[in-house]
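Asks: return a 3D structure for these sequence lines:
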Amino acid sequence: MSIRRLLSSDAAAFRSLRLAGLRESASAFGSSYEEECDMPLSTTEARLAPDSGRIVFGAFDGDQLVGIVGLARETALKVRHKAFVYAMYVAEPHRGRGLGRRLMEQVLACAATLDGVLRMTISVTAGNAEAVGLYESLGFMEFGREPDSMIVDGRFYDEIMMSRALAVMPPAGTD
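Replies: Now for the predicted structure:
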């Protein structure tokens, strides 16, 4: 298995895996298959472009993309010290092999190289014990929970917000 940053040329593989994830694990994502299935490939290509403000890593088994995770930095001046993880997904046949951990470690290492980024956030659907356990083992801690955050197939799901420091944070209230 290899992990590398995805490029615009990976858009078709990314889109295929992303749509599979949205179908298979609908309650794990804020987006839906219905919203993304008709999106033009050019939109995905633009999101993977180096100047998009997003960084997406892919895990490959040979030439097959089997896992993805995205990283984006907050853009507003007061919150630019934060980046967030999104679109984390490993195809079912490849789970249980540490691939999710390797993807998350790659994202954390990348975020640590972004000038001024001190904190990472991620959200996860309550009840997804495997994902929560992985994120906690990587130093993320729950800081909040949004009740009834999503409705999928008529069922409500809570969302857990998690955060971790990337570097030593200055004490609160200091400049």
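
Asks: centre of the chain to the helix or strand bottoming out on mean pLDDT in the chain, how far?
Replies: Lowest mean confidence among the helices and strands of the chain (mean pLDDT, DSSP states H and E): helix 33-36, at a mean of 92. Here the centre of helix 33-36 is set off from its chain's centre by 17 Å, with C-alpha atoms, centre = their mean, to the nearest Å.

Asks: check which element follows that helix along the chain.
Replies: Using DSSP states H and E, the helix or strand that follows helix 33-36 towards the C-terminus is helix 41-48.

Asks: tell me which strands and helices that following helix is in contact with?
Replies: helix 11-24, strand 54-61 (3 or more C-beta pairs under 8 Å, 6 or more residues apart in numbering; DSSP states H and E). For the C-beta atoms, the positions are set from N, CA and C on the backbone; glycine is no exception.

Asks: rerun at 6 Å
Replies: Under the contact definition 3 or more C-beta pairs under 6 Å, 6 or more residues apart in numbering; DSSP states H and E, helix 41-48 sits against helix 11-24.

Asks: and the angle from the helix it packs on to strand 54-61?
Replies: Taking axes from the mean of the first three to the mean of the last three C-alpha atoms, to 10 degrees, one finds helix 11-24 and strand 54-61 inclined to each other by 80 degrees.

Asks: need the contact partners of helix 11-24.
Replies: If you take C-beta atoms under 6 Å, 6 or more residues apart in numbering as the criterion, helix 11-24 is touched by 6, 29, 33, 41, 44-45, 48, 65, 68, 89.

Asks: closest to residue 150 among those?
Replies: residue 29 (8.7 Å; C-beta to C-beta).

Asks: where's the closest one relative to residue 19, distance?
Replies: 11 Å (C-beta to C-beta, to the nearest Å).

Asks: more neighbours, those two?
Replies: Set side by side, residue 29 and residue 19 show more neighbours around residue 29, with 20 against 14, by other C-beta atoms under 10 Å.
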